[in-house]
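Q: model the following, please.
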Amino acid sequence: MYKVLFVCIHNSARSQMAEAFANHYGSGELIAESAGIDSGKINPLVVRSMQEIGIDMSAHYAKTVASILEAGKTYDAVITVCDEANAARCPVFPGKVKRIAWFFDDPSALGGTEDEKLARIAVIREQISAKVQEFVADAKANNYRK
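A: Residues are numbered from 1 along each chain as shown. Next comes the predicted model:
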């Protein structure tokens, strides 16, 4: 089983969406989790945005990278989905881990009305979905080799 961890600042939006998409597209051959560099709370507008496309994240909750490390979990790939400065804060994980950095806008930083935020979150959601689909297809094509 290929294991991947998605990391962002607070595990409130981008990493949560990436986790959900990876588990959705991974067809049971891939297990995805997510965590934040700092503690946070899941963004309810992100949950709502994912529900719009039929992915239920209502049971998701924010986790920290520290708790993942303390649990001794290992991964084949760690993918940061935040800005470059915060991605550099991500700790090194034990073992042979493929490190990948993807940069997406932060839904938590969006302004405007709720409808405007949802529309902009949908754009970010689709960007994340496309990148995760590309990653999963590449991983499958390489038989999940590191």
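Q: what's the weakest-modelled helix or strand in this protein?
A: Least confident helix or strand, the chain: helix 84-87 with a mean of 64, by mean pLDDT, DSSP states H and E.
Q: after that one, which helix or strand is next?
A: Per DSSP states H and E, the first helix or strand lying C-terminal to helix 84-87 is strand 98-101.
Q: how far off centre is the helix or strand that that next one is followed by?
A: Note on strand 98-101: by DSSP H and E, the next helix or strand toward the C-terminus is helix 114-141. Relative to its parent chain, helix 114-141 has a centroid offset of 10 Å by Cα atoms, centre = their mean, to the nearest Å.
Q: residues of helix 114-141 that come out buried?
A: Under the neighbour-count criterion of 16 or more other Cβ atoms under 10 Å, helix 114-141 has 117-118, 120-121, 124-125, 127-129, 131-132, 135-136, 139 buried. Backbone N, C-alpha and C define where each C-beta goes, glycine included.
Q: quick check: mean pLDDT across that helix?
A: For helix 114-141, mean pLDDT is 94.
Q: that one - contacts with which helices or strands?
A: With contacts taken as 3 or more Cβ pairs under 8 Å, 6 or more residues apart in numbering; DSSP states H and E, helix 114-141 sits against helix 14-25, helix 44-52.
Q: of those, flag the one that's most buried.
A: helix 14-25 (a mean of 25; mean count of other Cβ atoms under 10 Å).
Q: okay if I get the helices and strands packed on helix 114-141 as TSV plus mean pLDDT?
A: Shown next, in TSV, are the helices and strands packed on helix 114-141 (pLDDT from 0 to 100):
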stretch	mean pLDDT
helix 14-25	96
helix 44-52	96
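Q: need the next SSE after the helix or strand containing Leu69, C-terminal direction.
A: Per DSSP H and E: Leu69 is located in helix 65-70. Note on helix 65-70: by DSSP H and E, the next helix or strand toward the C-terminus is strand 77-80.
Q: direction included, what does that following strand pair against?
A: If you go by DSSP bridges, strand 77-80 pairs up with strand 2-8 (parallel), strand 98-101 (parallel).
Q: distance to Ala35 added to these, as TSV?
A: TSV is the format used below for those (distance: least, Cβ to Cβ, whole Å):
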stretch	distance to Ala35
strand 2-8	6
strand 98-101	14
